[in-house]
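Provide a 3D model corresponding to the input given below.
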Amino acid sequence: MRPRSARSGARLAEQVAPRRVLVPLALLPVVVVPVVLALAACTTQAPIPGDTHASPTSTASPTTPGSSTPTPTTTPPPDDEPAPPDDGDRVISSRIAKDWGWPGPGEPYRVAHENEVPIAPPPAPPLPYLYSIAAGAHPSDNPPYNQLSFRFQNGFPSYDIEYVPKLIADGSGANIPMPGTNAILRVVFRQAQAHLENGTSSIVSAPAPVIGYPAITRYASGGDFEGYVSYGIGVGRPADTNPQTRVRVYEVEKIELGRHLYVVAIQIDATPWR
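Predicted coordinates:
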């Protein structure tokens, strides 16, 4: 038998081995784009919690100059205002500034907001100013709570919240009696005021001093003095015998009846009175 030459061996290998066929990319079917589009069609952006008027894409919150921006976290609490809602009302943002805890003596809640002063040009007040106060009982929530909300204009003030043995008036140092109260929760708003530039009160509505709820019995003003606005909230159980009378703080930025409001809602756990 005659040996095969190198040329005939190469020709045989060429006949046996499968040939590769190159297909131009332009002829390949495009499947990636329809898949991506299908996935995008199944994804929607969640609306702002608690906002029944805003569109599903309205999640960004405007930034108040010089202040920290609240982060949307959960459904905001009711603001307990008796006025019926307006079509233009909407929640811009809400957050839990301080979750349930006990701001006992020496352990205050402290929340800071940096505001450039003046925060608004004249004739508007130069600081965040207190517009209204509202109270409400919410026994069906979990946990149940009583709420006192302070509604500001121009921005969020900074504030400290702490249980104290007695309520002291700003400036004079006098003791402010709070009958029917077994414990006092003091809130001090910093870089804030409760008056207009002509010296009159900026508060257009507020509940009567005696609230009469089980967890919040009453409240009283501690002063409006040199950029500090303070209040005492009467709690129906002494802090020293029940240190677990908890407190939570919500911040809600909203448009209500055409006004841009910044709400600090202080909630007292009403579980012991359930």
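
all helices of the stretch 1-150 of the chain, in order?
Using DSSP state H, counting those that start in this stretch, the helices of the stretch 1-150 of the chain run over 6-16, 32-41.

Any idea which of these has the lowest pLDDT on average?
Sorting the helices of the stretch 1-150 of the chain by mean pLDDT places helix 32-41 lowest, at a mean of 37.

My read is that Ile184 contacts Ile161, right?
No: counting by Cβ atoms under 8 Å, Ile184 does not reach Ile161; the two are 11.3 Å apart. Any C-beta I mention is one placed from the backbone N, CA and C, and that applies to glycine too.

Count the neighbours of Ala135 for me.
When neighbours are defined as other Cβ atoms under 10 Å, Ala135 has 19 of them.

That one pairs with what?
Taking DSSP bridges, one obtains Leu148 as the residues bridged to Ala135.

give the contact list for it.
Contact analysis of Ala135 by Cβ atoms under 8 Å, 6 or more residues apart in numbering lists 80, 146-149, 207, 211, 213, 216, 219.

one more time with 10 Å
With contact set as Cβ atoms under 10 Å, 6 or more residues apart in numbering, Ala135 has these partners: 80, 146-149, 206-208, 211-213, 216, 218-219, 233.

Then Ser172?
223, 225.

Could you measure from it over to Arg218?
For Ser172, the distance to Arg218 equals 21 Å [Cβ to Cβ, to the nearest Å].

Please save the CA atoms from stretch 80-95 in CSV.
This file holds the C-alpha atoms of stretch 80-95, laid out as CSV (Å, rounded to 0.1, in the frame of the first residue of the first chain):
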residue,chain,number,x,y,z
ASP,A,80,-56.1,65.6,63.8
GLU,A,81,-57.2,68.9,62.2
PRO,A,82,-61.0,69.3,62.0
ALA,A,83,-60.9,71.2,58.7
PRO,A,84,-62.0,69.0,55.7
PRO,A,85,-59.3,68.2,53.2
ASP,A,86,-58.8,70.2,50.0
ASP,A,87,-58.2,68.8,46.5
GLY,A,88,-54.7,70.3,46.5
ASP,A,89,-53.7,68.7,49.9
ARG,A,90,-50.9,66.3,49.7
VAL,A,91,-48.1,64.8,51.8
ILE,A,92,-44.7,65.7,50.4
SER,A,93,-42.7,63.5,52.8
SER,A,94,-42.9,61.9,56.2
ARG,A,95,-40.4,60.1,58.5
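
Check the average confidence over that stretch, would you?
pLDDT averaged over stretch 80-95 gives 87.

Just the element for Arg218, please.
strand 216-225 (DSSP states H and E).

That strand: what's the following helix or strand?
By DSSP H and E, the next helix or strand past strand 216-225 is strand 228-235.

Just the CA atoms of that following strand, as PDB, please.
Only the C-alpha atoms of strand 228-235 are listed here, as PDB (Å, rounded to 0.1, in the frame of the first residue of the first chain):
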ATOM      1  CA  TYR A 228     -36.900  79.200  71.700                       C
ATOM      2  CA  VAL A 229     -40.500  78.000  71.900                       C
ATOM      3  CA  SER A 230     -41.300  75.500  74.700                       C
ATOM      4  CA  TYR A 231     -44.300  73.500  75.800                       C
ATOM      5  CA  GLY A 232     -45.100  71.000  78.500                       C
ATOM      6  CA  ILE A 233     -47.200  68.000  77.800                       C
ATOM      7  CA  GLY A 234     -48.900  66.400  80.700                       C
ATOM      8  CA  VAL A 235     -48.800  62.700  80.900                       C
END
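
Perfect, that will be all.
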